[in-house]
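Student: Whatever this is, show me its structure:
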Amino acid sequence: MNIGQYLDSTYLKTPEQSGISHEETLQKDKELAQEAIDNDLFAVMIRPDYVAEIKKYIQERDSNVAVGTVIGFHEGTYSIDEKLAEATKAIEDGADELDFVINYKAYLEGNTALVKEEFVQCTKLGLEHHKVVKWIIEIAALTDEQIADLTKNISGWAGENFTEKDFPHIFVKSSTGFFETTGGKPNGATFEGVKIMLDNAGKLPVKAAGGVRTPEDAERMINMGVKRIGTSSALALIKNQSSSEGY
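Tutor: Presented below is the predicted three-dimensional model:
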C-alpha cells in the first residue's frame with residue numbers, strides 16, 4: 001500500500017515549546033516540506049506563522065504538496081471571530097487546508113449552539129476559498145458517547161448547511177496531540193476512538209491524528225476507512241519503520 005498520499009507530515013511545536021528560535025523552527029518546516037516533496041507525501045501541517053514561507057518554498061520547487069495549518073490551536077477556546085481572523089490570514093498566506101480545533105470545552109459545558117455556529121461560519125469561510133476544512137474534536141478529552149455524539153453533530157450540521165459536493169472537503173479529525181492525559185491514556189488517535197468517529201461521521205471523511213507510529217498501524221487505519229493520517233513520523237512510516245515520536 002502507498003500510504004504517502006494519506007499522510008499529513010506534521011510539526012506543530014512553537015519555538016517556545018521546542019526551545020529553539022523562529023529561524024530554527026522555519027528551517028525544521030523547510031526540511032519537513034522537502035521530505036514531503038522527495039517522498040510524495042500529501043501535505044505538511046505547520047503552525048500559521050510559517051505558512052507563507054513554506055508555501056513559497058514548495059511552489060518554487062514545482063511541487064503539489066499541500067500546506068495545512070491549525071486554527072484555534074490547541075485549546076480550541078478561541079472565539080469565533082478569533083478563529084475566523086486566524087483562518088483568513090492563513091488563507092491569504094496560501095494555506096490549502098485549515099485544521100480547526102473545535103470548542104470541545106463549550107460542547108462539554110452543553111453550549112452546542114456555540115459549537116454549531118463556529119462550525120458553520122468557519123467551514124463556510126474555508127469552502128468559499130476552496131480549502132479543505134478539518135475539525136479536531138480532541139477525542140482524549142471525550143467519552144466514547146461524546147465522541148459519537150459530537151461526530152454525529154458535525155455530520156448533521158454539514159448536511160444542514162452545505163451540499164454533498166462539499167462533504168469530501170469537511171473532515172472530522174481526532175486529536176491535536178497536545179492534550180495532556182493522565183494515567184498513561186493515549187492523547188492521539190486510537191483504533192477504538194477512530195472507529196466511533198467512522199461509525200458516526202456519515203459521508204464526511206475522517207482524519208486520524210497522533211499515535212500512528214508503525215506502517216502496520218497506518219495501513220490498519222486506512223483499511224478501517226480513514227482518509228488522512230496526521231503524524232510527525234511520516235518518513236519512518238513510508239520507509240517501513242516504527243517510530244517513538246510523540247505525534
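Student: Only C-alpha atoms from now on, for both contacts and neighbour counts.
Tutor: Noted.
Student: Lys28: neighbouring residues, count only.
Tutor: A total of 13 residues lie near Lys28 under the criterion other CA atoms under 10 Å.
Student: Assumed it was part of a helix.
Tutor: Yes - the assignment for Lys28, made by DSSP: H, G, I helix; E, B strand; the rest coil, places it in a helix.
Student: Quickly note the distance from it to His74.
Tutor: 20 Å (CA to CA, to the nearest Å).
Student: who touches the helix or strand bottoming out on mean pLDDT in the chain?
Tutor: In the chain, the helix or strand scored least confidently by mean pLDDT, DSSP states H and E is helix 234-238, which has a mean of 92. The contact list for helix 234-238 (CA atoms under 8 Å, 6 or more residues apart in numbering) reads 2-4, 7-10, 35, 39, 213-215, 218, 242-243.
Student: Which of those residues fall within strands?
Tutor: 7-10 (DSSP state E).
Student: In those residues, find the pair that's most separated.
Tutor: Leu7 and Thr10 (8.9 Å; CA to CA).
Student: shared neighbours of these two, anything?
Tutor: 230-231, 234.
Student: just to revisit the earlier point, using CSV, lay out the ones in strands among the contacts of helix 234-238 together with distance to Leu142, pLDDT and neighbour count.
Tutor: Listed next are the ones in strands among the contacts of helix 234-238 as CSV, based on distance: CA to CA, whole Å; pLDDT from 0 to 100; neighbours: other CA atoms under 10 Å:
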residue, distance to Leu142, pLDDT, neighbour count
Leu7, 25, 97, 29
Asp8, 24, 97, 27
Ser9, 25, 97, 26
Thr10, 23, 96, 25
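Student: Quick check: bridge partners of the spatially most central residue of the chain?
Tutor: The centroid of the chain falls nearest to Asp99 when counting by CA atoms, centre = their mean (4.6 Å). For Asp99, the beta-bridge partners are Val70, Lys134 (DSSP bridges).
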